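> Below are the sequence and a predicted model; questions follow.
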Amino acid sequence: MTQKVSGSPFLKPFFLKTPVRVASPLQQRRHTLPASEFRNLTSQDAISVFEIEREAFVSVSGVCPLTLDEVLNFLGQCPELSLGWFEEGQLVAFIIGSGWDKERLSQKAMTQHVPDTPTVHIHVLSVHRHCRQQGKGSILLWRYLQYLRCMPGLRRALLICEDFLVPFYRKAGFKEKGPSEISVSNMQFQEMEYALGGQAYARRNSGC
């Protein structure tokens, strides 16, 4: 950008050049990335997924819902049943699911994907430690459930959780099916179900 300047009618006009600011490569990269993005995960996201999961769960329960190999397996077999929340290209929260073909979840459901079934097993929902207590978990879960509603043939979502998480999932619309037969390291779980019937909502009230 230039500005035309003439201090006297007898002087030829000249131009003042505005200094050009050169952005660093990191700044240039940030400017090309969306501020917030939701998309399916890929195997390239597996390391970030596992690091967030490990920090979130090992510190609380001592075990991860999914090993790194299991993360890679599900993202390879059914990436369409996963959803990641990215901010400026960095993963901040995610959900991983797989297909299941029985009325209730069993131990096999923890490591198995059954394609072309009406039931989604939600294995894990996790939020990066720097992004917790901001409502991101409930927002991501809502988006994921609305996304599943748009997928032909899906009728419900199942998950297991510890007792202290039951109110969180109940608030999201899940209903309790009773104690789960699955146990991990002597931990007991409740099984919960979400009906995917009906139409997806166009947007979510950010105050929810």
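Noted; the coordinates are in hand. Numbers count the residues shown, from 1 in each chain.

> rest of the way, CA atoms for contacts and neighbours
Fine.

> which parts of the helix or strand containing residue 75 are buried?
Using DSSP states H and E, residue 75 maps to helix 68-77. With burial defined by 16 or more other CA atoms under 10 Å, the residues of helix 68-77 counted as buried are 68, 70, 71, 72, 73, 74, 75.

> by contact count, what packs against the helix or strand that it is followed by?
Moving toward the C-terminus from helix 68-77, the next helix or strand (DSSP H and E) is strand 82-87. In terms of contacts (3 or more CA pairs under 8 Å, 6 or more residues apart in numbering; DSSP states H and E), strand 82-87 is packed against strand 37-39, strand 90-100.

> Adding mean pLDDT, distance to residue 58 and mean neighbour count as columns, could you present those strands in CSV?
Output for the helices and strands packed on strand 82-87, formatted as CSV (pLDDT from 0 to 100; distance: least, CA to CA, whole Å; neighbours: other CA atoms under 10 Å):
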stretch, mean pLDDT, distance to residue 58, mean neighbour count
strand 37-39, 96, 26, 14
strand 90-100, 97, 17, 24
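
> can you give me the helices for this structure?
In the chain, the helices defined using DSSP state H lie at 25-32, 46-58, 68-77, 136-149, 166-171.

> and the gap between residue 159 and residue 48?
Note on residue 159: its distance to residue 48, by CA to CA, to the nearest Å, is 22 Å.

> scratch that, residue 80 is what I was asking about
Separation of residue 80 from residue 48 (CA to CA) stands at 18 Å.

> More neighbours: which of those two?
The neighbour comparison of residue 80 against residue 48 (other CA atoms under 10 Å) goes to residue 80, with 19 against 16.

> so the more buried one makes contact with residue 40?
Yes - Residue 80 is within contact range of residue 40, at 6.0 Å (criterion: CA atoms under 8 Å).

> ok, residue 47 touching residue 68?
Yes - with contact defined as CA under 8 Å, residue 47 reaches residue 68; the gap is 7.4 Å.

> where does the protein have low pLDDT?
1-34, 59-61, 198-208 (pLDDT under 70).

> How much space separates the residue nearest in space to the middle of the chain from residue 101?
Nearest to the mean C-alpha position of the chain, by CA atoms, centre = their mean, lies residue 94 at 2.5 Å. Separation of residue 94 from residue 101 (CA to CA) stands at 23 Å.

> now do residue 129
Taking CA to CA, one finds residue 129 at 34 Å from residue 101.

> between those two, which one's more packed in?
Ranked by neighbour count (other CA under 10 Å), residue 129 and residue 101 place residue 101 first, with 16 against 13.

> Enumerate every residue touching the more buried one.
By CA atoms under 8 Å, 6 or more residues apart in numbering, residue 101 lies in contact with 114, 117, 118, 119.
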